[in-house]
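Peer 1: give me a 3D structure for the following:
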Amino acid sequence: MNEKPQTAAEEKSTPPAKPQGKLDKTLRAGKKIFQPPKYPHGVHPALVPGVSIEDQRVRYGIDKPILVVVGALIVSFVAWGIAQPEVVNSVSGAMLTWTMQNLGWIFTVIAAGLLIFLLVLAFSRAGRIPLGLDGEKPEFSTGSWAAMLFAAGIGIALIFFGPYEPLLHYLEPRPDAYESGTDPAIVGGLVQTALHWGLNAWAIYAIVGLSVAYFSFRRGRVPLMSSILSFITGDSNTVGSRIIDGLAIIATLFGTAASLGIGALQIARGAQVVTGWNTAGNTIAILIIMVLTIGTIISAVSGVSKGIRLLSNTNMWLSVGLAFFFLIVGPTAFLLNVVPGVVIDYVGELPTMLARNMSEGEDTEAFLTDWTIFYWAWWVSWSPFVGIFTAKISRGRTIRQFVMGVLLIPSSIIVLAFTILGGTAIYLEHTAGAITGGTGEMPAPEETIFIVLDHLPGGQIVAPLLMFMLAIFFITTADSASLVNSQLAQKGNPFPRRGVTVFWSLCMAGIAVVILLTGGDDALQGLQNLIVITALPFSVIIVLMCVGLWKALRSDPRTYRQNYQRKVLDNAVRYGLENYGDNFAVKVEQTEPNSEYSAGYGFDSTSEEATDWYQRTDSEGNPVPYDYETGEYLDPHGQLDFMTKEQRRERAKIEKEARKRAKRMNKRSSKR
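Peer 2: Next up, the predicted model:
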């Protein structure tokens, strides 16, 4: 056997070989002529460092079909809901029943399947792929990143459901689980709550965030849901792409509006507790929605983003303070003792709880409809919003870091917070019947936390502070969600027009009002009806995202390099052992085309699947010259045409500062 195998050393120590080419059969001067293959910009697909969205030529603008169609649908729905809330409630209730009986299993499969899928990605070879260019450092330090993920797990719903849901599961347990009001029910109620708010919820957020981050920071695509599914829909101007982005907007509108509605309801109840002014119905809550929406619009129009960010950070620390308040003035020893049991039982019972299904009887069907599947649907509707947020703050992280961080950090915080808030409520009820007054009947969910505060020292002081926190959560949530929807309606524009942002703020407020009107005295019923129905289409999109992400990761440059490395080293070691025993070394040399020892044997590195994604194009899709070594377009005069006004201002500011520095340096050198 005269032919030597191609071998490879480690990537870091050995310079990459020139791309394998085809040999011309024509002999010139007794030698074969090497013809290198043609790659986009002369770069082999395994050597592409990645493509950043900021470096792409994208012409942003309002996607009028999405804005007009989705906007008209939402405005029509709000008008219908305000005019005929009973009819909306009846129709949505019937649709909910049909959805749960026939398609409710989809949400359960998604909640369980996504967690497994993400863990497989994290601990496979794909886990080392960065969400950015090769060698790019994370944009935020690990501490700052963890703090932002922590903040993402805190919001209106945590305060609303924190004491209420664990207490309800303690008094009204899921079928065949444990007896109501017993010692096992203490941990059981907290574990059931952890299921709804823990790992599976964040797996739904994480898959959207991971997909957006990978395709934007590694593949150079605009941060749209349709960009992830381009293998099905094509470019962003197709009908299919617009349907996908439109469904993402609708899901986000309804999911966020639900939180705004219950937040306003709780602020209204807090006002009644603090002032003693009792008003029947949801009139006060609707007025609160209107007032806080005006605050959101002022925030969007005036551009006081720094002030909102400051309030958001302040709210995060106030939330931490609230948890410590419950821990210190509440049943401290009881809470500290119950935490380990909740964590251990949650992990141990997770498969069993996820296996519950609608075929286990009417009681189980009712429980899943009211709680578990409703939550999966709610998290699906929140996933575009939270997913885009986690993507933005995770640039430069590896897939493994992203998955483990997004799954574990917020989940741990939320489970701990629910254990503290809910554990305090359970303790007060278990020892003295303080929450239900000994009747065993649950109070209204918006009222529960104020009843708990009444039984804690200093609770009357904390109640007004709680209302302030809810108001800030309302404004920051509405502001951020409106911004995300505005980006989705403007082809991923990072600086969307304020008028569009204001429009989505008004739409969310309108939906929140409809939720309260249709639910009547039971706001959660209106919440359930609308959330599950609007989240169902986007749940299918999430499944397709997994397919698109998996396909893209298989053709990632790092995956190609790993495939080359594994094949070459395997061939080299086998050949060396067979022919030289222990005495052989590894070196790189060219092989004959189609040699079984070639690193690229059986792989076409010039195929469209391998090369199309990193071909730089203009906004019309025409190829343009680009140098991957310098990271510059070779026709820079046209670059400004693809910048937004904000990007042009930022560039002008940077150039102005550079000229000032150059002038100062010239003065110093002339003095010398």
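Peer 1: what is the least confident helix or strand in this protein?
Peer 2: Within the chain, no helix or strand scores below strand 22-28, which has a mean of 39 by mean pLDDT, DSSP states H and E.
Peer 1: who are the packing partners of the helix or strand containing Val88?
Peer 2: Assigned by DSSP states H and E, Val88 belongs to helix 85-123. The contact analysis (3 or more C-beta pairs under 8 Å, 6 or more residues apart in numbering; DSSP states H and E) places helix 85-123 against helix 64-83, helix 199-217, helix 332-354, helix 373-392, helix 399-432, helix 498-519, helix 523-554. For glycine as for every other residue, the C-beta is placed from the backbone atoms N, C-alpha and C.
Peer 1: so where is the stretch 501-650 of the chain shaky, pLDDT-wise?
Peer 2: 520-524, 619-621, 635-650 (pLDDT under 70).
Peer 1: tell me the contacts of Tyr214?
Peer 2: For Tyr214, the contacting residues are Ile129, Leu131, Ile399, Leu549, Ala552, Leu553, by C-beta atoms under 8 Å, 6 or more residues apart in numbering.
Peer 1: can you check the pLDDT for it?
Peer 2: If you check Tyr214, the pLDDT there is 96.
Peer 1: Thr424 now?
Peer 2: At Thr424, pLDDT is 96.
Peer 1: for the closest residue to it other than its chain neighbours, give me its contacts.
Peer 2: Of all residues beyond its chain neighbours, the one nearest Thr424 is Gly330 (4.2 Å), with distances taken as C-beta to C-beta, 6 or more residues apart in numbering. Listed by C-beta under 8 Å, 6+ apart, the contact partners of Gly330 are Ile420, Gly423, Thr424, Tyr427, Leu456.
Peer 1: how many residues are close by the closest residue to the fourth one other than its chain neighbours?
Peer 2: Nearest in space to Tyr427, with sequence neighbours left out and distances taken as C-beta to C-beta, 6+ apart, is Pro331 at 4.4 Å. Applying the criterion other C-beta atoms under 10 Å, we find 20 residues in the vicinity of Pro331.
Peer 1: quick one on the thing from earlier: next, the residue nearest to Thr424: phi, psi?
Peer 2: Main-chain dihedrals, Gly330, degrees, to the nearest 10: phi -90, psi -160.
Peer 1: do Tyr626 as well
Peer 2: phi -150, psi 140.
Peer 1: surely it meets Val48?
Peer 2: No - Tyr626 lies out of contact with Val48 (C-beta atoms under 8 Å); the separation is 11.1 Å.
Peer 1: from Leu199, how far out is the closest residue to Met404 other than its chain neighbours?
Peer 2: The spatially closest residue to Met404, leaving aside those adjacent along the chain, is Ala122, at 6.1 Å (C-beta to C-beta, 6+ apart). For Ala122, the distance to Leu199 equals 13 Å [C-beta to C-beta, to the nearest Å].
Peer 1: looking at those two, which is more packed in?
Peer 2: Using other C-beta under 10 Å, the more surrounded residue of Ala122 and Leu199 is Leu199, with 23 against 20.
Peer 1: report the contact partners of Ile186.
Peer 2: Tyr170, Val338, Gly423, Ile426, His430.
Peer 1: pLDDT score assigned to the residue nearest the centre of the chain?
Peer 2: Among the residues of the chain, the one closest to the centroid is Gly387, at 1.5 Å (C-alpha atoms, centre = their mean). For Gly387, the pLDDT comes out at 93.
Peer 1: now it. Nearest residue, chain neighbours left out?
Peer 2: Counting by C-beta to C-beta, 6+ apart, Val208 is the residue found nearest to Gly387 once chain neighbours are left out, at 2.9 Å.
Peer 1: and for the one you found, the neighbour number?
Peer 2: So Val208, with other C-beta under 10 Å, has 27 neighbours.
Peer 1: pLDDT score for it?
Peer 2: 96.
Peer 1: from Ser411, how far out is it?
Peer 2: Using C-beta to C-beta, Val208 is found at 16 Å from Ser411.
Peer 1: and Trp371, by the same measure?
Peer 2: Taken as C-beta to C-beta, the span from Trp371 to Ser411 is 18 Å.
Peer 1: for Phe468, same thing?
Peer 2: If you measure Phe468 against Ser411 using C-beta to C-beta, the figure is 27 Å.
Peer 1: which of the two has more neighbours?
Peer 2: Per other C-beta under 10 Å, whichever of Phe468 and Ser411 has more neighbours is Ser411, with 21 against 15.
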